[in-house]
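Engineer: generate coordinates for the sequence data below:
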Amino acid sequence: MGRRIITAPMVADPFWDRRAFSIVGRHFAWIDVVFAAMVRGDWSAFERRLAEGLACAARADVDAASPPDEAIDEAATAYRYDRDLISAADVTVWLDRVGLSADEWIEYLRRDLLRQQWSGELDDLLDRFAPSARDLVETAVVDGICSGAFDAFEGAFAGRAALVFEADAARFDRLCENCDRPTIDPRATQLAQTHAHWLSVATDSDPVARLSLVTGIEQAYAAIADAIASNGRLSEIVDDNRLAWMRLEIDTMSFASEAAAREALLCVRADGLSLHDVAALSRSAVQRAVVTFDDLEPVRQEVLLAAEPGSAVGPMSVDGGFDVALLVNRAAPALSDPAIAARAKAVAVNRAEQQAARDHVRR
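Structural biologist: Modelled structure (predicted):
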């Protein structure tokens, strides 16, 4: 039996025990969704963003530097229209459904605006105004709901849990039935220590037991995902994405003006200079990149699709500058490329997850 982590409840919030989704009568709460995000490694980025917002709010309070009401009103309008909350009544219905007050929503918008305003100073602000564990826990629900992070976490975990049930219902049942008598594996123990303040959230169930359940589901999911990747269907997926996943090796130079880019392109095409020769003459740098076709901006896709290896193309307007590019090599995607194999596996597993979620998840 693994070592059991004992935590003292910190904050009572009914949200954590609220049902997020069910699979064949097995209910999963929002605390399970959070633990699953920790197991996947997705939680740290959310916690960092949450801490940044709180640090910015603390600085604004000290410096009396909150955003003007007009900026908050504009942010609220943009938020509403992005989510089809057109009328005030729509906003009220949404707030009631997710269990937030208007003040909590507006305070979230304020923190988000401050994060954007002080985006270049966030590391320093975290040093100066580091929020307490209690502040993080007490604010997480508001930020998780308003940012959409919790919906994304719920979708990811629900799909994985549904896939485990579909592929191995007996194992799924054993995990759910044994969560009150968990054996904590080393990974769960490490997660419990790393995220100790989150395991201190007051819930109706033992948080360590729920973490054990979630860890078991994620481990089962990983094995099932590997099996899906070994079923011989990945070649079909690669064939279906031959253009999008085409491998391009590109040398690029960037210029501030279109005229300078055209002059560089003329030196390559007419004078026979290499892109590196032009870079040396202009005291600029050539950037080498290996990308797939769908990684490129639309303007690069259009130009490079028709280019032959060894040809220079441009100027292309990208990010306020003008690029000249040399297509060094182009290769069709192949499963022997680890990056392409990983993409194909992700597509195959995602399709299986989505189908399992449609068949088995109830919200």
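Engineer: low-confidence ranges in the stretch 101-250 of the chain?
Structural biologist: 179-185, 188, 202 (pLDDT under 70).
Engineer: ok, which stretches of it are helices?
Structural biologist: Here the stretch 101-250 of the chain has its helices, by DSSP state H, counting those that start in this stretch, at 102-117, 122-128, 133-147, 149-167, 169-177, 186-194, 196-199, 207-229, 234-240.
Engineer: same for the fourth one, what does it pack against?
Structural biologist: It stands for helix 149-167. Packing partners of helix 149-167 (3 or more C-beta pairs under 8 Å, 6 or more residues apart in numbering; DSSP states H and E): strand 19-23, strand 26-29, helix 30-40, helix 133-147, helix 169-177, helix 207-229, helix 338-360, strand 361-362. Every C-beta, even on glycine, is put in place using the N, C-alpha and C of the backbone.
Engineer: 7 Å - rerun?
Structural biologist: strand 19-23, helix 30-40, helix 169-177, helix 207-229, helix 338-360 (3 or more C-beta pairs under 7 Å, 6 or more residues apart in numbering; DSSP states H and E).
Engineer: over to the third one?
Structural biologist: Helix 133-147 is packed against helix 43-63, helix 102-117, helix 196-199, with contacts defined by 3+ C-beta pairs under 7 Å, 6+ apart.
Engineer: what residues sit buried inside that helix?
Structural biologist: 135-147 (16 or more other C-beta atoms under 10 Å).
Engineer: what's the helix or strand for Glu290?
Structural biologist: Check again: residue 290 is Val, not Glu. Assessed by DSSP states H and E, Val290 sits inside strand 287-292.
Engineer: can you name the next helix or strand after that strand?
Structural biologist: Next element after strand 287-292 (DSSP H and E): helix 298-305.
Engineer: and that next one with strand 287-292, angle?
Structural biologist: 90 degrees (axes from the mean of the first three to the mean of the last three C-alpha atoms, to 10 degrees).
Engineer: tell me the strands beside the next helix or strand along the chain from helix 298-305, with direction?
Structural biologist: Later in the chain than helix 298-305, the nearest helix or strand by DSSP H and E is strand 312-318. Looking at strand 312-318 with DSSP bridges, its partner strands are strand 321-331 (antiparallel).
Engineer: mind giving me the domain split of this structure?
Structural biologist: 14-227, 228-240+336-362, 247-331 (automatic domain parsing).
Engineer: show me the contacts for the residue nearest the centre of the chain.
Structural biologist: In the chain, the residue lying closest to the centroid (C-alpha atoms, centre = their mean) is Asp42, at 7.1 Å. Contact analysis of Asp42 by C-beta atoms under 7 Å, 6 or more residues apart in numbering lists Phe153.
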